[in-house]
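Peer 1: Would you be able to build a 3D model of this:
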Amino acid sequence: MSLCTTIVGLLLFLIVSPLLHSQLYIHAASTSSPITRHRIIFMTSLDSDDDYGDDYRDEDKPTTDIVSAKRITVVHTQPCKYNPCLENQEPCNKLAQQTGCLCPGFSGADVPPLPPRLQTLLPVSHGENRGKIEVKWCAPPSFVSHYRVTMEGNNGDALQFKSALRQGFIGSLEVGTRVCVEAVNGAGNSAFSEVSCQRYDPPNSSEHNLLGWILGGGVVLLLLIVVTSVILWKKKGCGRAKRDSTDGLGNPSYSTEGTL
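Peer 2: Numbers count the residues shown, from 1 in each chain. Next up is the predicted model:
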């Protein structure tokens, strides 16, 4: 009886084991985690500051992420190679657009320009402009379409010069005449100021004044020497006369009673 039971148990085990194996396989397949593809990282810059820990924040996401590098803005701190007192230069605002350099507070065409700086007023002694006055100025940090030079007592007439120029020639002037330089654009004119106006004072007049002062000082010094010499001479003469009179009264051979 036990032998039959054993044989029946073996037969049941052989029949049930393939079904059990298939059920276990199906259950394992349904409970297994999905296949996750590896993430591909595209680097566009070596100096990116992205945290790589964020790339693995969601491991179940099967999509491909692209890590974008941060844009680095290069800030130029060098001033533009621009001298406002030299002629025929590229405007500073154009140099800034071309090279990214810095202009010192450059204002645009919609704002009246700042006053230019008048450098010198010098008479010309040779060349084709002999007898005229040379005017030199420096450009302001503003957009300028042209310059105007005005002279005091010239009934408002002004001479115009191109924006690239930094000097001009005007007619002869009297000493002390006020000369001003204006910067002009579409928004208006620059205001007159101490830096844009000067009084004409040629070097010759200054030299003549210096020579006059030197000659006057020499004459005064000579007069002082003469007066001092006269005073000393008179004082010395008075002292000698007094000494002679004292010597005469002290002579023992002289007496009011007669000769001894």
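
Peer 1: Tell me which helix or strand comes right after the helix or strand harbouring Ile7.
Peer 2: When elements are assigned from DSSP states H and E, Ile7 belongs to helix 2-31. Elements were assigned by DSSP H and E; along the chain past helix 2-31, the next helix or strand is helix 92-99.

Peer 1: how about the CA coordinates for that following helix, as PDB?
Peer 2: Output of helix 92-99 as PDB, limited to C-alpha atoms (Å, rounded to 0.1, in the frame of the first residue of the first chain):
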ATOM      1  CA  CYS A  92      35.200 106.100 -29.200                       C
ATOM      2  CA  ASN A  93      31.700 104.600 -29.400                       C
ATOM      3  CA  LYS A  94      32.700 102.900 -32.700                       C
ATOM      4  CA  LEU A  95      35.900 101.500 -31.100                       C
ATOM      5  CA  ALA A  96      33.800 100.100 -28.200                       C
ATOM      6  CA  GLN A  97      31.400  98.400 -30.700                       C
ATOM      7  CA  GLN A  98      34.300  96.900 -32.600                       C
ATOM      8  CA  THR A  99      36.600  95.700 -29.800                       C
END
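
Peer 1: Show me what the helix or strand following that helix is packed up against.
Peer 2: The helix or strand immediately downstream of helix 92-99 is strand 117-123, counting by DSSP H and E. Contacts defined by 3 or more C-beta pairs under 8 Å, 6 or more residues apart in numbering; DSSP states H and E place strand 117-123 against strand 133-138, strand 178-185, strand 197-199. For glycine as for every other residue, the C-beta is placed from the backbone atoms N, C-alpha and C.

Peer 1: could you give the mean pLDDT of the first one?
Peer 2: With pLDDT averaged residue by residue, strand 133-138 scores 96.

Peer 1: do stretch 106-113 as well
Peer 2: Mean pLDDT, stretch 106-113: 89.

Peer 1: how about it: buried residues?
Peer 2: With burial defined by 16 or more other C-beta atoms under 10 Å, the residues of stretch 106-113 counted as buried are 106-107, 112-113.

Peer 1: Kindly report the same for stretch 80-94.
Peer 2: Neighbour-count burial for stretch 80-94, counted by 16+ other C-beta under 10 Å, picks out 80, 82, 89, 91-93.
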